[in-house]
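Enquirer: for reference, the sequence and a predicted model appear below.
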Amino acid sequence: MSFDVPEELYYLESHEWIDPDSGRVGITEFAQDELGDVVFVELPEEGEELSQEGEFGVVESIKAVSDLYSPADGEVRAVNEALFDRPELLNEDPFGEGWMLELDVAGELDGLLSAEEYREQIE
Amino acid sequence: MSDRRPPLYATHDGADAKFTPFGGWAMPVEFDSIRTEHEAVRESAGIFDVSHMGEIELSGPDAAALLQGLTTNDVESLSVGRAQYSAITDEEGTILDDTVVYRLDEEEFLFIPNAGHDERMEERWESHREEWDLDCEVENATEDWAMFAIQGPEAEDLVAEAAGEELRDLGRFAITEARIAGADCLLARTGYTGEDGFEALVPWDAAEEVWKEFDCQPCGLGARDTLRIEAGFLLSGQDFDPEENPRTPYEARIGFAVDLDTEFVGRDALARVNEDGPEELFIGLRLLERGVPRNGYEIRADDGAIGEVTSGTMSPTLGEPIGLGYVPTEYAEEGREVAVRIRGSDKRARIEAPGFLGDRQ
């Protein structure tokens, strides 16, 4: 089974992605497939400061609980509240409607995997 | 030690199933999605490979006596072709395992230990046979039999098609011989999902042909877990465990499977528990706030921690978070509000009887 890994995004080994243009953060298609049916998401509030690789929330599927880690330092500009009522968006559209939050990234993005590096990790 | 594999391991792998280690076996946990599989069983039908369950065959003039001494229910009252749910307890009345006992003939029985318990049950049966000087053959047939569970409102139609129309008449907790895809199987009207259904014991080598006979949703252990949690059924090793979570049948609310008029290992201890009443009770929890109760989470009341969640999930049928666990008996009344501590925060929850589907079951 092969998974979509968009070229324009950057990745953490723990399967979160960040869009360098918008600061949007989410989890990968591979991650949602591993989790199975997502039933609950816990996200930070707007204005919270996140640090790279620091925990920012939790995603729960029917079978498991997983911590979420921030791909970058920054302040939370927006949270996707649609996920509270429709956590299944994470399964249906992890790079689109299933985005989790937008970060005002502090400084430069570094220490992340490119699409190619992430693809190698999950293959 | 590598995990034991069911005979259909390669078939499931070829169908892109995900696997999980369970009781020393590598078993399919998910074929499509837990929700899809769960809904199929509640609304139409699904088939589970449960070949990890043990099979112990007993035969001989004292087979009934040996079972009577080692299980809590009344084996002597079991008619040929019938099954009974039972517990296996130690001297203290602690549940070592739960099982279904089938009487195949006057002097021939089969019981089904949980995954990974077959060898220790075989040893237990053999050592007590020697101690009590009984005449009974004990055979661990776990790798002679594959086992499939066909469950759901359409299970009867599927079984009638695969094994013959007369199987529609098989009563609940009855077992019979049946020929499926040319193989001599045993078919029982039992299951662990809260739905009508059947369990088929299938010769190991005929597993593939028999599996193909049932044209319905293949289901993994993930859906089996959410289904049994909704039904309020115990999972060995999680809702009870002789080391980690020792419970008596009365605490675990399976006192209906204990017959104190019979003599068995643990009987005297259980008679005392029955007289005094258990100190803790197995309960259902419905979370009233967002979150999912999980194994190990604290159940709390005004006095602090009062118990632990043993199983929990987001119920696919109810769309609500539900759990199972134990609390002191004085907290166990239905409707009582408690809290479940989830990642440091207390979420309101209501105590219910285990078995969340009410009249649906």
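Expert: Received, thanks.
Enquirer: so what touches the longest helix anywhere in chain B?
Expert: Ranked by residue count and defined by DSSP state H, the top helix of chain B is helix B:118-132. For helix B:118-132, the surrounding residues in contact (CB atoms under 8 Å, 6 or more residues apart in numbering or on different chains) are B:54-56, B:58, B:62, B:65-66, B:69-70, B:88, B:96-97, B:111, B:113, B:134, B:136, B:138, B:140, B:142, B:265. Heads up, the C-betas are built off the backbone N, CA and C, glycines and all.
Enquirer: now that helix: mean pLDDT?
Expert: Mean pLDDT, computed over helix B:118-132, is 98.
Enquirer: any idea of the pLDDT on residue 14?
Expert: Reading this off chain A. On the pLDDT scale, residue A:14 gets 96.
Enquirer: switch to chain B, that's the one I care about
Expert: So, for residue B:14, pLDDT stands at 96.
Enquirer: ok, now which ones touch residue A:104?
Expert: Contacts of residue A:104 by CB under 8 Å, 6+ apart are A:23, A:74, A:75, A:77.
Enquirer: burial of the third one, as a residue count?
Expert: Neighbouring residues of residue A:75 were enumerated by other CB atoms under 10 Å in any protein chain shown; the total is 16.
Enquirer: SS state for it?
Expert: Using DSSP: H, G, I helix; E, B strand; the rest coil, the structure places residue A:75 in strand.
Enquirer: for it, give its distance to residue A:17.
Expert: The span separating residue A:75 from residue A:17 equals 19 Å under the rule CB to CB, to the nearest Å.
Enquirer: likewise residue B:333?
Expert: 48 Å.
Enquirer: please apply the same query to residue B:219.
Expert: For residue B:219, the distance to residue A:17 - CB to CB - is 32 Å.
Enquirer: and what of residue B:321?
Expert: With CB to CB as the criterion, residue B:321 and residue A:17 are 28 Å apart.
Enquirer: tell me which residue in chain B sits closest to chain A.
Expert: In chain B, no residue comes nearer to chain A than residue B:314, which is 3.8 Å away by CB to the nearest CB.
Enquirer: once you drop chain neighbours, what's closest to the residue nearest the centre of chain A?
Expert: Centroid check for chain A by CA atoms, centre = their mean gives residue A:26 as the closest residue, at 2.2 Å. Sequence neighbours aside, residue A:99 is the residue nearest to residue A:26 in space, at 4.6 Å (criterion: CB to CB, 6 or more residues apart in numbering or on different chains).
Enquirer: list the buried ones in stretch B:317-337?
Expert: Buried residues in stretch B:317-337, counted by 16 or more other CB atoms under 10 Å in any protein chain shown: B:317, B:321, B:322, B:323, B:324, B:325, B:326, B:327, B:331, B:332.
Enquirer: related to what we said a few turns ago, surely the residue of chain B closest to chain A and residue B:293 touch.
Expert: No: counting by CB atoms under 8 Å, residue B:314 stays clear of residue B:293, with 9.5 Å between them.
Enquirer: let me see the contact set for the residue most central in space within chain B.
Expert: Taking CA atoms, centre = their mean as the criterion, residue B:192 is the residue nearest the geometric centre of chain B, at 5.6 Å. For residue B:192, the contact set (CB under 8 Å, 6+ apart) comprises B:149, B:224, B:227, B:228, B:231, B:233.
Enquirer: and what of residue A:121?
Expert: Residues near residue A:121 by CB under 8 Å, 6+ apart: A:13, A:113.
Enquirer: that one: which element?
Expert: Using DSSP states H and E, residue A:121 sits within helix A:115-122.
Enquirer: what's the closest non-adjacent residue to residue B:281?
Expert: Distance criterion CB to CB, 6+ apart; nearest residue to residue B:281, sequence neighbours excluded, is residue B:332 at 4.1 Å.
Enquirer: which residues sit in contact with the one you found?
Expert: Residues in contact with residue B:332 (CB under 8 Å, 6+ apart) are B:280, B:281, B:283, B:351.
Enquirer: ok, the helix or strand where residue A:60 lies: who's next to it in the sheet?
Expert: Per DSSP H and E, residue A:60 falls inside strand A:55-61. The pairing partners recorded for strand A:55-61 under DSSP bridges are strand A:38-42 (antiparallel), strand A:65-69 (antiparallel).
Enquirer: which residues outside that strand are in contact with it?
Expert: Strand A:55-61 is contacted from outside by A:27, A:35-44, A:48, A:50, A:65-70, A:76, A:87, A:90, A:100-101, B:34, B:292, B:314, B:343, using CB under 8 Å, 6+ apart.
Enquirer: same deal with stretch B:136-146?
Expert: If you take CB under 8 Å, 6+ apart as the criterion, stretch B:136-146 is touched by B:4, B:6-8, B:49, B:51, B:53-63, B:65-66, B:110, B:118-119, B:122, B:125-126, B:129, B:201-204, B:206-207, B:210.
Enquirer: any of those residues buried? List them.
Expert: Buried by 16+ other CB under 10 Å: B:4, B:6-8, B:49, B:51, B:53-60, B:62-63, B:65-66, B:110, B:118, B:122, B:125, B:129, B:201-203, B:206-207, B:210, out of the contacts of stretch B:136-146.
Enquirer: hmm, residue B:159 and residue B:167 touching each other?
Expert: Yes: contact criterion CB under 8 Å: residue B:167 and residue B:159 qualify, at 5.0 Å.
Enquirer: okay, and which of the contacts of helix B:118-132 map to strands?
Expert: Among the contacts of helix B:118-132, DSSP state E puts B:56, B:58, B:88, B:96, B:97, B:111, B:138, B:140 in strands.
Enquirer: quick one: residues contacting the third one.
Expert: The one in question is residue B:88. By CB under 8 Å, 6+ apart, the contact list for residue B:88 reads B:70, B:71, B:72, B:95, B:96, B:97, B:98, B:99, B:113, B:121, B:124.
Enquirer: the same query, at a cut-off of 10 Å, please.
Expert: Taking CB atoms under 10 Å, 6 or more residues apart in numbering or on different chains, we find residue B:88 in contact with B:67, B:70-72, B:94-99, B:101, B:111, B:113-114, B:117, B:120-121, B:124-125, B:242, B:264-266.
Enquirer: now swap in the fourth one and tell me
Expert: Contacts for residue B:96 were tallied using CB under 10 Å, 6+ apart; they are B:70, B:87-90, B:113-114, B:117, B:120-121, B:124, B:236, B:240-242, B:246, B:265-266.
Enquirer: ok, back up a step: quick one: which two of the buried residues of stretch B:317-337 are the most distant?
Expert: Between any two of the buried residues of stretch B:317-337, the greatest separation by CB to CB is 26.1 Å, found for B:317 and B:331.
Enquirer: what's the local residue count around the residue of chain A found nearest chain B?
Expert: Going by CB to the nearest CB, chain B is nearest to residue A:39 of chain A, at 3.8 Å. A total of 24 residues lie near residue A:39 under the criterion other CB under 10 Å.
Enquirer: quick one: contacts for the residue nearest to residue A:54 when sequence neighbours are not counted?
Expert: Excluding the flanking residues, the one nearest residue A:54 by CB to CB, 6+ apart is residue A:70, at 5.5 Å. Under the criterion of CB under 10 Å, 6+ apart, the contact list for residue A:70 reads A:12, A:14, A:16, A:18, A:25, A:44, A:48-57, A:76, A:101, A:103, A:105.
Enquirer: got a ChimeraX select line for the buried ones in these?
Expert: In ChimeraX, this line selects whichever of these come out buried by 16+ other CB under 10 Å:
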select /A:12,14,16,18,25,44,48,50,52,56,57,76,101,103,105
